[in-house]
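1. Need a 3D model of the following:
(one chain, ligands or ions: 1)
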Amino acid sequence: MARQLREVVFVDGVRTPFGKAKGQYAETRADDLVIKCIRELMRRNPNLPAERVDEVAIAATTQIGDQGLTIGRTAALLAGLPRSTPGYSIDRMCAGAMTAVTTTAGGIAFGAYDIAIAGGVEHMGRHPMGEGVDPNPRIISEKIVDPEALSMGNTAENLHDRYPSITKERADAYAVRSQEKTAKAYADNKIQPDLVPVATRSAENGWGLATVDEPPRPGTTMESLAALKTPFRAHGRVTAGNAAGLNDGATMALLADEETARGLDLPVKMRLVAYSFMGVEPEVMGAGPIPATEKALEQAGLTIGDIDAFEINEAFAVQVLAFLEHFGIADDDERVNPYGGAIAMGHPLASSGVRLMTQLARQFEDRPEIRYGMTTMCIGLGMGGTVIWENPNWTGASKTEEGAA
Ligand SMILES: CC(C)(COP(=O)(O)OP(=O)(O)OC[C@H]1O[C@@H](n2cnc3c(N)ncnc32)[C@H](O)[C@@H]1OP(=O)(O)O)[C@@H](O)C(=O)NCCC(=O)NCCS
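-> Here you go, the predicted model:
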């Protein structure tokens, strides 16, 4: 049988407001956050008949309790999708939702599905990092992995060692800017359109409605950050202020074969160009996006200069700065995280990949003059993931054509 690959498009993306662990979602189940997002995607896209959703892939790093039991399937059922709609769970730590997208995208390109829902959740309040894990002792005793690799904060300190030019002051300055940009993005209504309000309940305070992210600290200054402890190393550089926090939240994307999306008159917000995951030494986990990006660019036949919009997950400021330094991009380059990032908004591990994509889609809508954008993130145990997207609203000549002319 002759088989033709198909274009995969990002139709829509939503997320819950993110919470602080033990904050606004302290008494809300993780799977309820997922269900809310699936329902919102279906509500926002009334042209999509529920029975046309061919797969539901949901990521979580800790797959037990309310994040267990094949959450893709259980959440699909609870969200009211037909019983005929299958679902499954995915884990690639911080890049869970990113992997849910790339994996289902592969299925769409191959022709196994026309339409998929892909997203992620992490309720770090209910499921602290490392809950229930049982690493094989040989991974340490046989020196396959440095013991420091199991603490993400330690790997960030190691990355500072690897890049001595990235000082604590540079990391703090980056963090202050992230907070400022997120505050501005909220003021400009760039974040709110893709948030789904979540009803919350607390035994003490009764019912509430989560409508905005809880983690941002808009008043953050260099002085306030300078005073913070360095919990991962005495006299270290990583603090609660220049790292993402411990957070709760869920994200969800609707992906489709482009012809199917156009046939159903669904929006086409981004077109998938290439993706790549790469491993690095686990003890400098934050370096992962560098080789992942190099490989994705090579696959796409692009250079870093072709990318006009970056959404980089800010697990730690040092990890973003290492990426920027490697590619010769300034710390405050306006193409990078224009709406701020995880340092301000939060990083509920397996959910964050789709937050990056949803924000890139908004940038594409606002800026038809740009053609290519990138979502990239570091991943626990030493990996990076990069997805390159094309702006379907792009109208102008490409840089390559301009250069050749
Ligand atoms: C860094 C970390 C250990 C801090 O945890 P924590 O101590 O519970 O964090 P808190 O929110 O309580 O902040 C600690 C202190 O810093 C202060 N603080 C945090 N951000 C601040 C900011 N932007 N400005 C000023 N003060 C700030 C808090 O007010 C708090 O002060 P207090 O001790 O006087 O109450 C935790 O957030 C962490 O592990 N982050 C990394 C998560 C991770 O590894 N993710 C995966 C990445 S791959």
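2. helix or strand for Met98, which one?
-> Assigning secondary structure by DSSP states H and E places Met98 in helix 96-110.
3. following that helix, which helix or strand shows up next?
-> Note on helix 96-110: by DSSP H and E, the next helix or strand toward the C-terminus is strand 115-123.
4. did I read that right, Leu389 in a strand?
-> Careful, residue 389 is Trp; it's not Leu. Yes. Using DSSP: H, G, I helix; E, B strand; the rest coil, the assignment for Trp389 is a strand.
5. my guess is it meets Tyr372, correct?
-> Yes. Using C-beta atoms under 8 Å, Trp389 is in contact with Tyr372, at 7.1 Å. Just so you know, the C-beta spots here come from the backbone N, C-alpha and C atoms, and that holds for glycine as well.
6. ok, Thr303 to the ligand distance?
-> Going from Thr303 to the ligand by C-beta to the nearest ligand atom, to the nearest Å gives 28 Å.
7. Can I get stretch 228-240 in PDB, CA atoms only?
-> Output of stretch 228-240 as PDB, limited to C-alpha atoms (Å, rounded to 0.1, in the frame of the first residue of the first chain):
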ATOM      1  CA  LEU A 228      17.300  34.000  49.300                       C
ATOM      2  CA  LYS A 229      18.900  30.800  50.500                       C
ATOM      3  CA  THR A 230      20.600  28.400  48.100                       C
ATOM      4  CA  PRO A 231      18.900  25.100  49.200                       C
ATOM      5  CA  PHE A 232      20.900  22.800  46.900                       C
ATOM      6  CA  ARG A 233      24.500  23.800  47.800                       C
ATOM      7  CA  ALA A 234      26.100  26.000  50.500                       C
ATOM      8  CA  HIS A 235      27.000  29.300  48.800                       C
ATOM      9  CA  GLY A 236      25.400  28.000  45.600                       C
ATOM     10  CA  ARG A 237      23.600  30.000  42.900                       C
ATOM     11  CA  VAL A 238      20.200  28.300  42.600                       C
ATOM     12  CA  THR A 239      17.400  29.700  44.800                       C
ATOM     13  CA  ALA A 240      13.600  29.500  45.000                       C
END
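8. coming back round to it: mind listing the shared neighbours of Trp389 and Tyr372?
-> Here Trp389 and Tyr372 have Val273 as joint contacts, going by C-beta atoms under 8 Å, 6 or more residues apart in numbering.
9. More neighbours: the two, which one.
-> Shown here are Trp389 and Tyr372; by other C-beta atoms under 10 Å, Trp389 has more neighbours (27 against 21).
10. Distance of that one relative to Ala274?
-> Trp389 sits at a distance of 9 Å from Ala274 (criterion: C-beta to C-beta, to the nearest Å).
11. Now the phi/psi pair for Tyr275, please.
-> Here is the backbone geometry of Tyr275 (degrees, to the nearest 10): phi -150, psi 160.
12. now the one 5 residues further on
-> Dihedral angles of Val280 (phi, psi; degrees, to the nearest 10) stand at phi -130, psi -180.
13. quick one: average pLDDT of the strand or helix carrying Val14?
-> Element membership of Val14 [criterion: DSSP H and E] is strand 8-15. Averaged across strand 8-15, pLDDT comes to 99.
14. Next secondary structure after that strand?
-> Per DSSP H and E, strand 8-15 leads on to strand 19-20 as the next helix or strand towards the C-terminus.
15. Neighbours of the residue in the stretch 51-200 of the chain that the ligand sits nearest to, how many?
-> Here the stretch 51-200 of the chain gets closest to the ligand at one residue, Met152, 3.3 Å apart by C-beta to the nearest ligand atom. When counting by other C-beta under 10 Å, one arrives at 25 neighbours for Met152.
16. cool, and Gly263?
-> Residues lying near Gly263 (other C-beta under 10 Å) number 12.
17. Could you pull up phi and psi at it?
-> The phi/psi pair for Gly263 (degrees, to the nearest 10) reads phi -60, psi -30.
18. The chain: strands as residue ranges?
-> Under the criterion DSSP state E, strands of the chain are mapped to 8-15, 19-20, 55-59, 87-90, 115-123, 198-202, 206-210, 247-257, 270-279, 307-312, 372-379, 383-390.
19. Dump those strands to CSV, plus distance to Arg233.
-> Output for the strands of the chain, formatted as CSV (distance: least, C-beta to C-beta, whole Å):
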stretch, distance to Arg233
strand 8-15, 33
strand 19-20, 24
strand 55-59, 30
strand 87-90, 32
strand 115-123, 25
strand 198-202, 36
strand 206-210, 34
strand 247-257, 23
strand 270-279, 24
strand 307-312, 24
strand 372-379, 19
strand 383-390, 23
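20. Looking at the ones you listed, which is nearest to the ligand?
-> With C-beta to the nearest ligand atom, the closest approach to the ligand among the strands of the chain belongs to strand 372-379: 6.0 Å.
21. which residues does the nearest residue to Thr102 once chain neighbours are set aside bridge with?
-> Distances taken as C-beta to C-beta, 6 or more residues apart in numbering put Tyr275 closest to Thr102, at 4.6 Å, once the chain neighbours are dropped. Bridge pairing for Tyr275 (DSSP bridges) gives the partners Val387.
22. How about Ile379?
-> Under the criterion used (DSSP bridges), Ile379 bridges to Met383.
23. Tell me, how many residues neighbour it?
-> By the criterion of other C-beta under 10 Å, Ile379 has 28 neighbours.
24. Can you read off the pLDDT for it?
-> Note on Ile379: pLDDT of 98.
25. where's the residue nearest to the spatial centre of the chain relative to Leu246, distance?
-> Note on the chain: the residue nearest the mean C-alpha position is Gly353, at 1.9 Å, using C-alpha atoms, centre = their mean. Distance of Gly353 to Leu246, given as C-beta to C-beta: 18 Å.
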